[in-house]
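Student: The following block contains a protein sequence and its predicted model.
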Amino acid sequence: MRLALLEIMKEKEKNDAKALEEAKVGKLSTQIKKCGIKMGKKLHYLPEDIGAQIYIDGYNIIHFPVILLYEEFMQSDFIQDFPMNTTFREQLSIVLSQPAPWDPDHRYKLDAVDIFFETNISEPVDPKQKVVESDDRYTKVDLDSNLLSVLQDSAHIVPQYPIFVVVARDYHDYKKFT
């Protein structure tokens, strides 16, 4: 009898934890929609052990993991926690503060790069959200913009995690981004 009661209590705890997690996911989904962010289908699979997840903090600020791609060198950076009210300049000043080992000429500095997102990179998960067609494959991001304002761009669909391309202005293929 006592063993059965313990199992019932464990099952209730498990169900309560699951319900709490579902409530958090529901709140997050609602907040993302309220902010006008279009979420899309996954493009990149990240290892689960890195613990990357979108979450809302106690001040109702959404935090995103963000992938930065450096096409010229086929390299990437991963920002595990990019609050939506933080600017790209703030984040990149940290990421680019030290030269990367793959950048032997130290060309990837804050004052020498531009950042872009690929337009309509994915299909929206919510079929009610409209896809805004764009003639441009890439959209340039103002470094003084915060993450939220960029994610709200009508041609931006976030493929699970925001993905941005960082390009040195002197990169020989820079024009393909403009």
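Tutor: Received the coordinates, thanks.
Student: okay, CA-based contacts and neighbour counts for the rest of this
Tutor: OK.
Student: Grab the nearest non-local neighbour of P159.
Tutor: Sequence neighbours aside, G40 is the residue nearest to P159 in space, at 4.3 Å (criterion: C-alpha to C-alpha, 6 or more residues apart in numbering).
Student: Show me the beta-bridge partners of the one you found.
Tutor: In this entry, G40 is beta-bridged to P124, P159, by DSSP bridges.
Student: do the same with V167
Tutor: Counting by DSSP bridges, the residues bridging with V167 are D114.
Student: the bottom helix or strand of this structure by mean pLDDT?
Tutor: Evaluated with mean pLDDT, DSSP states H and E, the helix-and-strand set of the chain has its lowest mean pLDDT in helix 2-34, which scores a mean of 62.
Student: tell me the contacts of the residue nearest to P159?
Tutor: S122, E123, P124, V125, D126, I157, V158, P159, Q160 (C-alpha atoms under 8 Å, 6 or more residues apart in numbering).
Student: which of those residues tops the neighbour count?
Tutor: Taking other C-alpha atoms under 10 Å as the neighbour criterion, I157 ranks highest of these with 29 neighbours.
Student: show me the contacts for that residue.
Tutor: Contact criterion C-alpha under 8 Å, 6+ apart gives I37, K38, M39, G40, T119, N120, I121, S122, E123, P124, L151 as the residues in contact with I157.
Student: need the contact list for the third one.
Tutor: M39 makes contacts with P124, V125, D126, I157, V158, P159, Q160, as judged by C-alpha under 8 Å, 6+ apart.
Student: where does it land on pLDDT?
Tutor: Among the per-residue scores, M39 holds a pLDDT of 92.
Student: again, but for the last one
Tutor: Listed pLDDT for L151 reads 96.
Student: low pLDDT regions in this structure?
Tutor: Across the chain, residues meeting the criterion (pLDDT under 70) sit at 1-25, 46-49.
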